[in-house]
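Novice: How does the following fold in three dimensions:
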Amino acid sequence: MKRRRVLLLVHELLVPPQGAEELPDDEYDLIKTEHHVLVDLQTLGHEVRVVGISDSLAPLRVALQEFRPHIVFNLLEEFADQRIHSHAVVSYLELMRVPYTGCNPRGLALAQDKAISKKILSYHRIPTPRFQVMPRGRKPRRRRGLEFPLIVKSLLADASEGLSEASVVHSDDKLLSRVEFIHRTLGDALVEQYIPGRELYCGVMGYRRVEALPVWEMRMTALRAGAPNIATRRIKWDLEYQKRVGLEISRAREIDPALEARVQQVSKRVFSLLNMTGWGRMDFRVTADGQLYVLEANPNGDIAYGEEFASSAEAAGYTYPALLQRVINIGLRAAGK
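Specialist: Predicted structure coming up:
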């Protein structure tokens with residue numbers, strides 16, 4: 001393995017401090033991905049420099065000029081406080097002809113707009129829940145054929161933002177109230193058919209030739225009766241709440257091998273149709289009668305050690321350092337290096 005100069009690109013608030021391991025759990029959890037990647041890239045023998053940016057490319061430009069990295073390891077999830085702008089940073093790296101890890105700007109733009117990605121999947125006859133965009137500034141009106149129950153999400157923000165039990169609605173009054181909440185706090189709303197059933201995840205990585213990892217599942221063993229099985233913001237960030245609902249995210253149990261193979265096949269197809277590269281995670285619902293629906297595609301998903309993508313890769317035979325090296329190799333290959 002060749003030693004490389006790797007520039008680790010993160011948000012300026014997520015630059016791992018010295019002694020990060022000694023931080024309280026709730027503080028460390030915020031920067032654990034960045035810290036895990038930094039430490040294990042160094043373990044691999046690479047020369048690593050960290051640069052944090054927020055709403056200016058100037059620190060990145062300086063780091064590229066001074067450090068002259070062989071590749072940028074991209075962990076940036078937003079730019080100028082907007083997730084949808086993150087593709088512009090990757091476009092800048094392409095203009096500078098600097099190799100990078102993760103998804104290309106075209107794939108980021110397509111996958112991060114949930115409506116566009118769902119239209120592409122529907123065109124190619126890949127099952128996805130029926131949906132309707134309700135733009136901010138217009139009176140919400142449910143389209144004929146869009147039947148309850150429905151789930152109300154932000155169109156462009158991360159899927160967990162603005163998501164709570166109240167996001168699943170069963171009446172027009174509740175729908176109107178929730179859409180107005182999303183308009184007020186996040187922007188345009190995506191309203192889609194709520195699909196009860198198991199929530200499955202499948203990691204994919206590669207460039208042109210892609211690999212689907214073992215299928216993972218989210219379960220909440222102590223969720224109160226009648227509560228929707230959805231990955232709310234509290235589920236994602238509130239450690240105490242995770243314990244209270246019995247959150248388990250692990251390899252899918254008692255899954256028919258044919259269903260797992262189908263999930264993996266569809267995941268690779270979605271990865272290709274949305275022009276994704278690098279690594280990503282596909283989210284699915286499967287109903288009691290075996291109907292499979294793609295909920296969304298997540299480019300550059302959480303790659304922290306112990307989270308579902310890295311754990312799934314470990315089940316496929318990758319140690320964590322080997323996974324990071326594979327991600328680097330994919331980025332170099334995409335750049336023709």
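Novice: And the next helix or strand past the helix-or-strand element of the chain with minimal mean pLDDT?
Specialist: Lowest by mean pLDDT, DSSP states H and E among the helices and strands of the chain is helix 233-237, with a mean of 79. Next in sequence after helix 233-237, counting helices and strands by DSSP states H and E, comes helix 239-244.
Novice: Give me the packing partners of that following helix, helices and strands only.
Specialist: Under the contact criterion of 3 or more C-beta pairs under 8 Å, 6 or more residues apart in numbering; DSSP states H and E, helix 239-244 touches helix 25-43, helix 233-237. All C-beta spots, glycine's among them, are computed from the backbone N, C-alpha and C.
Novice: what residues does the longest strand seen in the chain touch?
Specialist: Ranked by residue count under DSSP state E, the longest strand found in the chain is strand 209-220. Residues from elsewhere that reach strand 209-220 (C-beta atoms under 8 Å, 6 or more residues apart in numbering): 198-205, 229, 231, 235, 245-253, 255, 260, 263-265, 267-268, 271-272, 308-309, 311-313, 315-316.
Novice: Which ones among these map onto helices?
Specialist: 235, 260, 263-265, 267-268, 271-272, 308-309, 311-313, 315 (DSSP state H).
Novice: buried sites along the least confident helix or strand of the chain?
Specialist: By 16 or more other C-beta atoms under 10 Å, the buried positions in helix 233-237 come out as R233, R234, I235, K236.
Novice: For it, enumerate the helices and strands it packs against.
Specialist: By 3+ C-beta pairs under 8 Å, 6+ apart, helix 233-237 packs against helix 239-244.
Novice: buried sites along the helix it packs on?
Specialist: Q242.
Novice: outside of that helix, which residues touch it?
Specialist: Taking C-beta under 8 Å, 6+ apart as the rule, helix 239-244 contacts D25, D26, D29, A222, R234, I235.
Novice: Just the C-alphas of it, formatted as CSV.
Specialist: The C-alpha coordinates for helix 239-244 follow below in CSV (Å, rounded to 0.1, in the frame of the first residue of the first chain):
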residue,chain,number,x,y,z
LEU,A,239,-28.8,8.5,23.5
GLU,A,240,-31.2,8.2,26.4
TYR,A,241,-34.2,8.0,24.0
GLN,A,242,-32.4,5.3,22.0
LYS,A,243,-32.1,3.2,25.2
ARG,A,244,-35.7,3.9,26.2
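Novice: Enumerate every residue touching T43.
Specialist: P321.
Novice: Let me know how buried Q132 is, in neighbour terms.
Specialist: The number of residues packed near Q132 is 17, by other C-beta atoms under 10 Å.
Novice: circling back to that earlier point, would you list the buried entries among the ones in helices among the contacts of strand 209-220?
Specialist: So, by 16+ other C-beta under 10 Å, the buried ones in the ones in helices among the contacts of strand 209-220 are 235, 260, 263-264, 267-268, 271-272, 308-309, 311-313.
Novice: from those residues, which is closest to I84?
Specialist: Of all those, I84 sits closest to F271, with 19.7 Å by C-beta to C-beta.
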